[in-house]
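Student: Provide a 3D model corresponding to the input given below.
(one chain, ligands or ions: 2)
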Amino acid sequence: MAPVKVTKICCIGAGYVGGPTCAVIALKCPHITVTIVDLNQARVDAWNSPDFKLPIYEPGLEEVVREARGRNLFFSTDVDKGILEADLIFVSVNTPTKKSGVGAGFAADLNYVELATRRIAQVATSSKIVVEKSTVPCRTAESMRTILEANSKPNCHFDILSNPEFLAEGTAITDLFAPDRVLIGSLQTPEGISACASLTEVYANWVPKDRILNVGLWSSELSKLAANAMLAQRISSINALSAICEATGANIDEVAHAIGYDTRIGPKFLKASVGFGGSCFQKDILNLVYLSESLHLPEVAAYWRQVVEMNEHQKRRFSKRVVDTMFNTITGKRIAVLGFAFKADTGDTRESAAITLIRDFQSEKAYVNVYDPQVVEEQIWTDLAEASPLVPEEQIKKQVRICKSAMEACKDAEAVVIATEWKEFNEINWEEVYQSMNKPAFVFDGRLLVDAEKLRNIGFKVVTIGRP
Ligand SMILES: NC(=O)c1ccc[n+]([C@@H]2O[C@H](COP(=O)([O-])OP(=O)(O)OC[C@H]3O[C@@H](n4cnc5c(N)ncnc54)[C@H](O)[C@@H]3O)[C@@H](O)[C@H]2O)c1
Ligand SMILES: O=c1ccn([C@@H]2O[C@H](COP(=O)(O)OP(=O)(O)O[C@H]3O[C@H](CO)[C@@H](O)[C@H](O)[C@H]3O)[C@@H](O)[C@H]2O)c(=O)[nH]1
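Tutor: Numbers count the residues shown, from 1 in each chain. Ligands and ions are numbered 1, 2, ... in the order given. Have a look, this model is predicted:
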């Protein structure tokens, strides 16, 4: 069966994944028309903004959009037109953790995937390749196929592929330009293999063929959850060891360096921290926990759940260390929190450790000054309100002040807490910060970012994750 040559792509969902991924496809494949559609008008308007004020901050993204937008890259709210015209449709909608109903707190909410799938079935008048880009539980493609087949018009045939995305925020563009691998899962039928070849040809415009892996549908879906679970497990492992370092005098950086030299372990993803955040790790592990439980594998579920529990423990442990070090009370004290995003080089705050820390400091009746170079003010207020639903908004605003610079945040503070590893926090004038703070002046480095010795020489009392 000859593979269909893809000339028109539609991506449903213009978020952190759909936007950058399909913008890069458009850049690298000028012969393919790529239309990214979304129901959210404000988001689409931002993607189309004349001055390129894009809805997400990602290094290198603006350059990609500048080159391709209007040439063969389009953003629109006309979902139906996008579906009608495309040969291949990416479904890149959100799959958050369910907040209520069966599986609440663990299972992925597949409502958005289902609605998008139903829309495709309803609108399409010709055959399509439908590609699952969202992260979904194993065997979701089967549900999608049932929905598509039950609702499609005569002569419309749908092939479903799984093509999970492995980009990390902050490095999305470099990850997409040179991915470690592109994974495509398909049914091992002649139609499935042919659809897989069509999508492979799209990526082969810039990705070496030996990095494009073709596997079965269910393996592909599970590999995405597995990759995130194993990455997060490494962080929880190093964070668990950081607690032992603090109690013994070992240094977590030295331990990570020593074990990372073993080629079987490798040096990446061994940075101890105040805890992992982001929209994926926790959600995807909880999803795996739910899947394991549904499959009557309670021991497997408990094993993976512990990765998330260790992460919660790490955040709590860090907050407690701040309080303990500051003479067992931070009531009425001012704490500067540097960074609010879940990692550097993104404005994304989903599941950011900074949210938990600030909530803990608020409940200890401290005052908090917060500064982040990319996160917008409204997002900070929204996140803090969600983290403390029982605390009135006026109370939060009395205790928390959002600052325009790190210097402003640190002024008159008793302590500085580094919650995100923004490079600029390493480059601020720490002498000046010291002069402007109340004494003793503490620095709590939750990211192993600053040179502790240098800061101690200035006069700071420095507390670092994974060091006594
Ligand atoms: N954020 C990441 O770094 C990342 C990386 C890899 C995979 N993923 C996965 O990719 C998926 C998308 O994540 P995201 O971060 O881009 O989410 P997001 O919330 O940023 O974007 C999803 C978009 O889909 C739109 N949408 C929802 N239903 C729609 C519908 N029926 N029709 C049209 N538009 C619709 C929403 O309005 C939203 O703009 C998730 O499954 C996530 O787990 C995310
Ligand atoms: O050694 C490390 C590495 C990361 N982190 C933290 O872990 C979180 C996640 O970081 P990272 O994985 O770099 O960013 P994400 O954008 O969440 O990317 C992850 O989640 C995506 C969504 O599924 C996947 O596509 C990516 O492959 C996977 O790395 C952040 O809070 C980091 O600060 C650490 O604490 N220590």
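
Student: chain center to stretch 342-361: distance?
Tutor: In terms of Cα atoms, centre = their mean, to the nearest Å, the gap separating the centre of stretch 342-361 from the centre of its chain is 12 Å.

Student: same question, stretch 408-417
Tutor: 28 Å.

Student: Give me the contact list for that stretch.
Tutor: With contacts defined as Cβ atoms under 8 Å, 6 or more residues apart in numbering, stretch 408-417 is touched by 322, 326, 330, 333-338, 357, 369-371, 403, 433, 436-438, 441-444, 446. Every residue, glycine included, has its C-beta placed from N, CA and C.

Student: buried stuff in it?
Tutor: Under the neighbour-count criterion of 16 or more other Cβ atoms under 10 Å, stretch 408-417 has 409, 410, 411, 413, 414, 415, 416, 417 buried.

Student: can you list the residues of this structure near ligand 2?
Tutor: 135, 165-169, 228, 231, 235, 269-271, 273, 276-278, 280-281, 342-343 (Cβ under 6 Å from any ligand atom).

Student: Out of those residues, which are close to ligand 1?
Tutor: Okay, of these touching ligand 1 (Cβ under 6 Å from any ligand atom), that's 135, 165, 167, 169, 280.

Student: ok, now how distant is the residue nearest to the second one when sequence neighbours are not counted from residue 109?
Tutor: Okay, so that is residue 165. Counting by Cβ to Cβ, 6 or more residues apart in numbering, residue 165 lies nearest to residue 17, which is 5.0 Å off, once chain neighbours are set aside. Per Cβ to Cβ, to the nearest Å, residue 17 is found 16 Å from residue 109.

Student: And for residue 453?
Tutor: Applying Cβ to Cβ, the value for residue 453 to residue 109 is 47 Å.

Student: Same question for residue 196.
Tutor: Between residue 196 and residue 109 the computed distance is 28 Å (Cβ to Cβ).

Student: Those two: which has the busier surroundings?
Tutor: residue 196 (26 against 18; other Cβ atoms under 10 Å).

Student: Please report how far that one lies from residue 226.
Tutor: Shown here: residue 196 relative to residue 226, a distance of 20 Å by Cβ to Cβ.

Student: name the helices or strands packed onto the lowest-mean-pLDDT helix or strand in the chain?
Tutor: Using mean pLDDT, DSSP states H and E, helix 140-151 stands out as the lowest-scoring helix or strand of the chain, at a mean of 93. With contacts taken as 3 or more Cβ pairs under 8 Å, 6 or more residues apart in numbering; DSSP states H and E, helix 140-151 sits against helix 111-123, strand 128-132, strand 158-162, helix 217-248.

Student: and whichever helix or strand comes after the longest one, average pLDDT?
Tutor: Beyond helix 217-248 on the C-terminal side, the first helix or strand identified by DSSP states H and E is helix 252-260. Mean per-residue pLDDT for helix 252-260: 98.

Student: If you compare the directions of helix 252-260 and helix 217-248, what angle comes out?
Tutor: 130 degrees (axes from the mean of the first three to the mean of the last three Cα atoms, to 10 degrees).

Student: Contacts for helix 252-260, please.
Tutor: Helix 252-260 has contacts (Cβ under 8 Å, 6+ apart) with 238, 241-242, 245, 265-268, 270-272, 448, 465-467.

Student: what do you get for stretch 170-179?
Tutor: By Cβ under 8 Å, 6+ apart, stretch 170-179 touches 16, 20-21, 24, 58-61, 64, 166-168, 206-207, 211, 343-346.

Student: quick one: that stretch near ligand 1?
Tutor: No. Stretch 170-179 lies out of reach of ligand 1 by Cβ under 6 Å from any ligand atom, never closer than 7.1 Å.

Student: Now that stretch: buried residues?
Tutor: 170, 172, 173, 175, 176, 179.

Student: now do stretch 86-100
Tutor: 86, 87, 88, 89, 90, 91, 92, 93, 94, 95, 97, 98.

Student: Is ligand 1 within reach of that stretch?
Tutor: Yes. Counting by Cβ under 6 Å from any ligand atom, ligand 1 is contacted by stretch 86-100 at 92, 93, 94, 95.

Student: Over to stretch 143-162?
Tutor: No. Applying Cβ under 6 Å from any ligand atom, one finds stretch 143-162 separated from ligand 1 by no less than 11.9 Å.

Student: Distance across that stretch, terminal residue to terminal residue?
Tutor: For stretch 143-162, the first-to-last residue distance is 13 Å (Cα to Cα, to the nearest Å).

Student: Distance from that stretch to the middle of the chain?
Tutor: Mean C-alpha position of stretch 143-162 versus that of the full chain (Cα atoms, centre = their mean) differs by 30 Å.

Student: What of stretch 4-20?
Tutor: On Cα atoms, centre = their mean, the centre of stretch 4-20 falls 19 Å from that of its chain.

Student: Closest residue of the stretch 1-150 of the chain to ligand 1?
Tutor: Per Cβ to the nearest ligand atom, residue 15 is where the stretch 1-150 of the chain lies closest to ligand 1, at 1.9 Å.

Student: Which pLDDT value belongs to the closest residue to residue 14 other than its chain neighbours?
Tutor: Using Cβ to Cβ, 6+ apart and skipping residues adjacent in sequence, the residue nearest residue 14 is residue 38, 3.8 Å away. At residue 38, the model reports a pLDDT of 98.

Student: That concludes my questions; thank you for your assistance.
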